[in-house]
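Sequence and predicted structure, then a few things I'm wondering about:
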Amino acid sequence: QVQLVESGGGLVQTGGSLRLSCAASARAFVNYAMAWFRQPPGQAREFVAVVARSGGGTRYADSVKDRFTISRDNAKSTVYLQMNSLKPEDTAVYYCAASSITDTSPAMYHSWGQGTQVTVSS
């Protein structure tokens with residue numbers, strides 16, 4: 001298990017930007033693929049982005065491609081989500097998660113943060 005703590009959420013206007021951070025407790029952070037998921041109000045949790053252990057491979061949901069960028073700093077055991085051109089439909093609780101494999105299914109992730117709220121006003 002990995003302890004994960006997200007930060008950086010908040011209220012932003014349409015078209016604005018936010019950067020989420022997720023700090024991990026694991027000494028072997030480099031061994032985990034790291035992902036961001038989100039859960040809009042009244043909806044199921046959905047995949048947003050994932051970065052491979054090495055940081056060289058990334059995947060994005062179609063809804064955020066070209067607007068969001070996931071990155072990781074293995075020296076700081078931290079993963080980031082840079083969110084640009086935000087839209088009201090991006091409003092959700094955002095979670096980071098860790099897995100031993102690079103996947104888009106939440107079922108493949110064994111460790112989760114507590115979530116951070118992102119609200120985009122129109």
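Yep, it's here.

so what's the residue minimising distance to the centre of the chain bridging to?
In the chain, the C-alpha closest to the average C-alpha coordinate belongs to W36, at a distance of 2.3 Å (CA atoms, centre = their mean). Applying DSSP bridges to W36 yields these beta-bridge partners: A49, C96.

same check, this time on F68
With DSSP bridges applied, the residues forming beta bridges to F68 are M83.

Can you list the residue ranges for strands in the chain?
In order along the chain, the chain carries the following strands (DSSP state E): 4-7, 10-13, 18-24, 33-39, 46-51, 58-60, 68-73, 78-83, 92-99, 111-112, 116-121.

wait, which of the ones you listed is closest to S105?
Taking CB to CB as the measure, the strands of the chain were each checked against S105, and strand 46-51 came out nearest at 7.4 Å. For every residue, glycine as well, the C-beta is placed using N, CA and C.

Report all helices and strands that the closest one contacts.
The helices and strands touching strand 46-51, judged by 3 or more CB pairs under 8 Å, 6 or more residues apart in numbering; DSSP states H and E, are strand 33-39, strand 58-60, strand 68-73, strand 78-83.
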